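# Output the structure for:
(one chain, ligands or ions: 2)
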Amino acid sequence: MSKRQFQVRVLDDRIGTDIPFPAYATEGSAGLDLRAALKEPLTLKPGETFLIPTGLSVHLADSNLAAMILPRSGLGHKHGIVLGNLVGLIDSDYQGELMVSCWNRGQTEFTVEIGERIAQMVLVPVVQADFEVVSEFAASDRGAGGFGSTGSH
Ligand SMILES: O=c1ccn([C@H]2C[C@H](O)[C@@H](COP(=O)(O)OP(=O)(O)OP(=O)(O)O)O2)c(=O)[nH]1
Ligand SMILES: [Mg+2]
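Ligands and ions are numbered 1, 2, ... in the order given. Sure, this is the predicted structure:
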(Lines give C-alpha, C1' and ligand atoms only; values in the text may rest on other atoms or scores of the structure.)
(Ligands and ions follow the chains in the order given, each with its own letter.)
Protein backbone atom coordinates (compact mmCIF):
# COMPACT_ATOMS: atom_id res chain seq x y z
CA MET A 1 0.00 0.00 0.00
CA SER A 2 1.40 3.39 -0.96
CA LYS A 3 0.47 6.46 1.01
CA ARG A 4 1.04 10.10 0.32
CA GLN A 5 0.77 13.15 2.47
CA PHE A 6 -1.62 15.95 1.64
CA GLN A 7 -2.27 19.20 3.38
CA VAL A 8 -5.61 19.36 5.12
CA ARG A 9 -7.30 22.21 6.97
CA VAL A 10 -9.66 21.49 9.81
CA LEU A 11 -12.52 23.96 9.54
CA ASP A 12 -14.65 22.56 12.34
CA ASP A 13 -13.12 22.18 15.78
CA ARG A 14 -15.22 19.10 16.59
CA ILE A 15 -13.13 17.13 14.11
CA GLY A 16 -10.65 14.91 15.91
CA THR A 17 -12.80 14.91 19.04
CA ASP A 18 -16.60 14.54 18.69
CA ILE A 19 -16.32 13.82 14.98
CA PRO A 20 -13.51 11.40 14.12
CA PHE A 21 -10.99 12.43 11.48
CA PRO A 22 -11.69 10.67 8.16
CA ALA A 23 -10.05 7.27 8.04
CA TYR A 24 -9.73 4.14 5.97
CA ALA A 25 -11.98 1.54 7.62
CA THR A 26 -9.52 -1.29 6.91
CA GLU A 27 -5.99 -1.57 5.65
CA GLY A 28 -7.22 -2.54 2.20
CA SER A 29 -9.91 0.11 1.87
CA ALA A 30 -9.85 2.17 -1.29
CA GLY A 31 -12.21 4.80 0.07
CA LEU A 32 -11.67 7.18 2.93
CA ASP A 33 -14.93 7.57 4.81
CA LEU A 34 -16.14 11.16 5.07
CA ARG A 35 -18.26 12.26 8.00
CA ALA A 36 -21.09 14.75 8.27
CA ALA A 37 -20.01 17.88 10.13
CA LEU A 38 -23.61 18.77 10.88
CA LYS A 39 -24.68 21.05 13.74
CA GLU A 40 -27.75 18.89 14.30
CA PRO A 41 -29.14 15.67 12.86
CA LEU A 42 -30.59 16.16 9.39
CA THR A 43 -33.74 14.41 8.25
CA LEU A 44 -33.97 13.97 4.51
CA LYS A 45 -37.43 13.28 3.19
CA PRO A 46 -37.78 11.12 0.08
CA GLY A 47 -36.48 13.12 -2.88
CA GLU A 48 -34.67 15.72 -0.78
CA THR A 49 -31.04 16.74 -1.29
CA PHE A 50 -28.80 18.61 1.14
CA LEU A 51 -25.21 19.82 0.79
CA ILE A 52 -23.45 18.52 3.89
CA PRO A 53 -20.14 20.01 5.02
CA THR A 54 -17.31 17.73 6.09
CA GLY A 55 -15.48 20.37 8.12
CA LEU A 56 -12.31 19.75 6.15
CA SER A 57 -10.53 21.06 3.11
CA VAL A 58 -7.82 19.12 1.32
CA HIS A 59 -5.42 20.57 -1.22
CA LEU A 60 -4.24 17.78 -3.51
CA ALA A 61 -1.85 20.20 -5.23
CA ASP A 62 -0.88 17.72 -7.95
CA SER A 63 -2.60 17.90 -11.33
CA ASN A 64 -1.86 14.19 -11.85
CA LEU A 65 -4.41 13.43 -9.14
CA ALA A 66 -8.07 14.00 -8.37
CA ALA A 67 -10.38 12.71 -5.71
CA MET A 68 -13.78 11.23 -6.30
CA ILE A 69 -16.57 11.25 -3.78
CA LEU A 70 -18.66 8.12 -4.05
CA PRO A 71 -21.69 6.80 -2.17
CA ARG A 72 -21.26 4.23 0.56
CA SER A 73 -22.82 0.97 -0.65
CA GLY A 74 -24.79 0.23 2.51
CA LEU A 75 -26.36 3.68 2.72
CA GLY A 76 -27.16 3.71 -0.97
CA HIS A 77 -28.57 0.21 -1.23
CA LYS A 78 -30.40 -0.10 2.07
CA HIS A 79 -31.49 3.47 2.67
CA GLY A 80 -31.43 5.15 -0.74
CA ILE A 81 -28.88 7.73 0.44
CA VAL A 82 -26.68 8.51 -2.53
CA LEU A 83 -25.11 11.67 -3.96
CA GLY A 84 -27.07 14.50 -5.53
CA ASN A 85 -24.34 14.83 -8.13
CA LEU A 86 -24.05 11.02 -8.43
CA VAL A 87 -20.27 11.32 -8.18
CA GLY A 88 -18.29 14.23 -6.77
CA LEU A 89 -15.04 15.23 -8.43
CA ILE A 90 -12.44 17.12 -6.41
CA ASP A 91 -9.96 19.06 -8.50
CA SER A 92 -6.32 19.09 -7.45
CA ASP A 93 -6.41 22.88 -7.11
CA TYR A 94 -9.59 22.97 -5.00
CA GLN A 95 -8.95 24.45 -1.58
CA GLY A 96 -12.49 24.88 -0.33
CA GLU A 97 -14.40 22.74 2.11
CA LEU A 98 -15.15 19.20 0.97
CA MET A 99 -18.90 19.06 0.57
CA VAL A 100 -21.11 16.02 0.13
CA SER A 101 -24.40 16.36 -1.69
CA CYS A 102 -26.67 13.84 0.01
CA TRP A 103 -29.77 12.78 -1.89
CA ASN A 104 -32.48 10.60 -0.49
CA ARG A 105 -33.57 8.74 -3.61
CA GLY A 106 -35.53 6.28 -1.46
CA GLN A 107 -39.17 6.03 -0.38
CA THR A 108 -38.72 6.71 3.34
CA GLU A 109 -37.14 9.54 5.28
CA PHE A 110 -33.63 9.09 6.61
CA THR A 111 -31.86 10.94 9.40
CA VAL A 112 -28.18 11.70 8.98
CA GLU A 113 -26.58 11.88 12.41
CA ILE A 114 -23.82 14.29 13.43
CA GLY A 115 -20.50 12.69 12.47
CA GLU A 116 -22.09 9.88 10.49
CA ARG A 117 -20.05 8.41 7.64
CA ILE A 118 -21.96 9.62 4.60
CA ALA A 119 -19.70 9.03 1.61
CA GLN A 120 -16.22 7.95 0.69
CA MET A 121 -13.38 9.65 -1.09
CA VAL A 122 -11.06 7.85 -3.49
CA LEU A 123 -7.86 9.28 -4.92
CA VAL A 124 -7.47 8.66 -8.62
CA PRO A 125 -4.72 9.32 -11.17
CA VAL A 126 -5.51 11.88 -13.85
CA VAL A 127 -4.10 12.51 -17.29
CA GLN A 128 -5.14 15.73 -18.98
CA ALA A 129 -5.97 15.47 -22.67
CA ASP A 130 -4.02 17.44 -25.24
CA PHE A 131 -6.01 17.07 -28.48
CA GLU A 132 -4.34 16.56 -31.83
CA VAL A 133 -6.97 17.11 -34.51
CA VAL A 134 -6.78 14.49 -37.31
CA SER A 135 -9.03 13.70 -40.29
CA GLU A 136 -8.91 9.87 -39.91
CA PHE A 137 -7.95 7.41 -37.18
CA ALA A 138 -5.91 4.27 -37.80
CA ALA A 139 -8.53 1.46 -37.98
CA SER A 140 -9.38 -0.42 -34.77
CA ASP A 141 -11.31 -3.69 -34.29
CA ARG A 142 -14.32 -1.81 -32.97
CA GLY A 143 -14.31 1.16 -35.24
CA ALA A 144 -17.27 3.44 -34.55
CA GLY A 145 -19.52 0.67 -33.18
CA GLY A 146 -20.92 1.24 -29.73
CA PHE A 147 -24.10 1.10 -27.67
CA GLY A 148 -24.48 -2.67 -27.85
CA SER A 149 -22.88 -3.13 -31.25
CA THR A 150 -20.95 -6.19 -29.99
CA GLY A 151 -24.14 -8.23 -29.65
CA SER A 152 -26.82 -9.14 -27.18
CA HIS A 153 -25.02 -11.77 -25.02
O1 LIG B 1 -19.18 16.45 -4.40
C2 LIG B 1 -18.42 17.42 -4.57
C3 LIG B 1 -18.10 17.90 -5.84
C4 LIG B 1 -17.27 19.01 -5.95
N5 LIG B 1 -16.79 19.62 -4.84
C6 LIG B 1 -15.88 20.76 -4.97
C7 LIG B 1 -14.48 20.30 -5.38
C8 LIG B 1 -14.41 20.59 -6.84
O9 LIG B 1 -13.08 20.83 -7.25
C10 LIG B 1 -15.30 21.80 -6.95
C11 LIG B 1 -15.92 21.99 -8.30
O12 LIG B 1 -16.59 20.82 -8.66
P13 LIG B 1 -17.08 20.60 -10.15
O14 LIG B 1 -16.04 21.04 -11.11
O15 LIG B 1 -17.56 19.20 -10.24
O16 LIG B 1 -18.36 21.55 -10.17
P17 LIG B 1 -18.78 22.68 -11.19
O18 LIG B 1 -20.25 22.74 -11.13
O19 LIG B 1 -18.12 22.46 -12.52
O20 LIG B 1 -18.21 23.96 -10.48
P21 LIG B 1 -16.94 24.87 -10.86
O22 LIG B 1 -17.43 25.85 -11.86
O23 LIG B 1 -16.54 25.49 -9.55
O24 LIG B 1 -15.86 23.97 -11.40
O25 LIG B 1 -16.34 21.61 -5.98
C26 LIG B 1 -17.10 19.14 -3.57
O27 LIG B 1 -16.67 19.67 -2.56
N28 LIG B 1 -17.91 18.06 -3.49
MG1 LIG C 1 -15.99 22.38 -12.75
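# Now for Asn85, how many residues are close by?
When neighbours are counted by other C-beta atoms under 10 Å, Asn85 registers 14. Where C-beta positions appear, they are placed from N, C-alpha and C, glycine not excepted.
# Regarding it, which helix or strand does it belong to?
Asn85 belongs to no helix or strand when elements are defined using DSSP states H and E.
# quick one: the strands in the protein?
7-10, 23-24, 32-35, 42-44, 49-53, 56-59, 65-71, 81-83, 88-90, 99-104, 110-112, 117-125 (DSSP state E).
# any chance of these in JSON lines, with mean neighbour count and distance to Asp141 too?
Formatted as JSON lines, those follow (neighbours: other C-beta atoms under 10 Å; distance: least, C-beta to C-beta, whole Å):
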{"stretch": "strand 7-10", "mean neighbour count": "12", "distance to Asp141": "45"}
{"stretch": "strand 23-24", "mean neighbour count": "12", "distance to Asp141": "39"}
{"stretch": "strand 32-35", "mean neighbour count": "21", "distance to Asp141": "38"}
{"stretch": "strand 42-44", "mean neighbour count": "17", "distance to Asp141": "47"}
{"stretch": "strand 49-53", "mean neighbour count": "16", "distance to Asp141": "42"}
{"stretch": "strand 56-59", "mean neighbour count": "18", "distance to Asp141": "41"}
{"stretch": "strand 65-71", "mean neighbour count": "19", "distance to Asp141": "30"}
{"stretch": "strand 81-83", "mean neighbour count": "21", "distance to Asp141": "35"}
{"stretch": "strand 88-90", "mean neighbour count": "18", "distance to Asp141": "31"}
{"stretch": "strand 99-104", "mean neighbour count": "20", "distance to Asp141": "39"}
{"stretch": "strand 110-112", "mean neighbour count": "17", "distance to Asp141": "46"}
{"stretch": "strand 117-125", "mean neighbour count": "19", "distance to Asp141": "26"}
